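Participant: Pasted the sequence and its predicted model underneath.
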Amino acid sequence: MIYTVTFNPSLDYIVGVDEFKTGKVNRTAEELILPGGKGINVSIVLQNLGMESIPLGFAGGFTGEEIRRLMKERKIEEQFVRVKKGISRINVKLRSLHVGENGEKTVSEESEINGMGPEISGEELEIFYQQLDALQKGDILVLAGSIPTVLPSTIYRDIMKRLQKREVMIVVDATKNLLVNVLEYHPFLIKPNNYELGEIFGVTLSTKEDVILYAKKLQEMGAANVLVSMAGDGAVLVAEDGSTYKSEAPEGKVKNSVGAGDSMVAGFLYGYLKFGIYEDAFYYGVCTGSASAFSENLATREEVDTLLRNIKNRA
Ligand SMILES: Nc1ncnc2c1ncn2[C@@H]1O[C@H](COP(=O)(O)OP(=O)(O)OP(=O)(O)O)[C@@H](O)[C@H]1O
Ligand SMILES: O=P(O)(O)OC[C@@]1(O)O[C@H](CO)[C@@H](O)[C@@H]1O
């Protein structure tokens, strides 16, 4: 079974404002509320692609209940620990829409305000650890997203240490120390974007050649596969068998890029589990990421297949 972990789930309040102006009253032209948080997004996209997973994590308050309801509506069997203090966060995703002369709207800028999230007590954390203790050989665990500030930045590492003898395949999508700390436990896959990769080494990375160079450094530090996303510029993969892959992003009109990176993780996992070939996994990842960016919601099976067909025709 695939388990995804979201320590800090959210309700994503996605609003579009025509020509957004700071310091003024702006009114929404579009709005959408979606369950969010990186692990949750991975579970939703896996489900869209036809693969089951169980979301784990923590949810609290009325927002936590709404996140659970939205998962149920999608027929995803979450097992979130209910927390008593505080509420799950509401993350605001603001899109400024440029209205062209013909009335056509394009996203000109995307800004985000992510909330803090509830407290997690020692007891609540212990329930979560007991859930992890039930994982077995062959299970897959996706650790994705930020953690509430009350938790230590070694938490992903602590989880991997606890599971190290279980032969569980682990994927980590996190930033800075949360990511660097896990490398000695050899995650199967990590997926920083090029800014996050550069941040780790104190450099700015914009070309694919430089990205490959630094992705290899993370591989030397312990990661098996390093997938680096570069938003509209595509992605690179440095795979554990020594091969590297580069791809431009498929062409399309961006509607909502929130969750594109999570979709890429889901697509890569799906492709790898289905075909066992890194090249296929890579292109599944790229096309699933872009399919989400090109749609209001997260990528559907049909949207991914269309982009995959186009990318294959181009090669
Ligand atoms: N503007 C875009 N045009 C085409 N494809 C895109 C665009 N933005 C994202 N993608 C696709 O999605 C993948 C992941 O995007 P990105 O690098 O933005 O991930 P991320 O930074 O982890 O995003 P997030 O944290 O919002 O999920 C890219 O490699 C690309 O395939
Ligand atoms: O604050 P974090 O955990 O880093 O990111 C949370 C978040 O921005 O990530 C997802 C998109 O990747 C959204 O659904 C969610 O709001």
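Facilitator: Thanks, I have it. Ligands and ions are numbered 1, 2, ... in the order given.

Participant: Disregarding residues adjacent in the polypeptide, which is nearest to Lys105?
Facilitator: Leu97 (4.4 Å; Cβ to Cβ, 6 or more residues apart in numbering). No exception for glycine: its C-beta is placed from N, CA and C like everyone else's.

Participant: With Ser96 instead?
Facilitator: Looking at Ser96 with Cβ to Cβ, 6+ apart, the closest residue is Phe20, at 3.6 Å.

Participant: The one you found: neighbouring residues, count only.
Facilitator: 19 (other Cβ atoms under 10 Å).

Participant: Could you do Val254 as well?
Facilitator: For Val254, using other Cβ under 10 Å, the count is 17.

Participant: Wait, a helix at it?
Facilitator: No - going by DSSP: H, G, I helix; E, B strand; the rest coil, the assignment for Val254 is coil, not a helix.

Participant: If I look at it, what pLDDT would I see?
Facilitator: If you check Val254, the pLDDT there is 91.

Participant: One more: Gln136?
Facilitator: 95.

Participant: Pull the number of nearby residues for it.
Facilitator: There are 9 residues near Gln136, going by other Cβ under 10 Å.

Participant: so is it in a helix, a strand, or just coil?
Facilitator: Under three-state DSSP, the three-state class of Gln136 is coil.

Participant: Skip the chain neighbours and tell me the closest residue to it.
Facilitator: That would be Arg166: by Cβ to Cβ, 6+ apart, it lies 6.7 Å from Gln136.

Participant: Quick check: beta-bridge partners of the residue nearest to Lys105?
Facilitator: Taking DSSP bridges as the rule, Leu97 bridges to Asp18, Val107.

Participant: Correct me if wrong: it contacts Glu104.
Facilitator: No - assessed by Cβ atoms under 8 Å, Leu97 is found out of contact with Glu104, at 9.9 Å.

Participant: Report the contact partners of the residue nearest the centre of the chain.
Facilitator: The C-alpha lying nearest the average C-alpha coordinate of the chain belongs to Asp262 (Cα atoms, centre = their mean; 2.4 Å). Listed by Cβ atoms under 8 Å, 6 or more residues apart in numbering, the contact set of Asp262 reads 38-39, 41-42, 45, 144, 173, 292, 298.

Participant: mind listing which of the residues you listed are in strands?
Facilitator: Among the contacts of Asp262, DSSP state E puts 144, 173 in strands.

Participant: Would you check which of the contacts of Asp262 are in contact with ligand 2?
Facilitator: Near ligand 2, judged by Cβ under 6 Å from any ligand atom, the entries from the contacts of Asp262 are 38, 41.

Participant: With pLDDT and neighbour count as extra columns, can I get the contacts of Asp262 in a markdown table?
Facilitator: Below are the contacts of Asp262 laid out as a markdown table (pLDDT from 0 to 100; neighbours: other Cβ atoms under 10 Å):
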| residue | pLDDT | neighbour count |
| --- | --- | --- |
| Lys38 | 98 | 26 |
| Gly39 | 98 | 28 |
| Asn41 | 98 | 31 |
| Val42 | 98 | 31 |
| Val45 | 98 | 29 |
| Ala144 | 97 | 26 |
| Asp173 | 97 | 28 |
| Ser292 | 98 | 31 |
| Leu298 | 97 | 25 |
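
Participant: Nice, that's everything, thank you.
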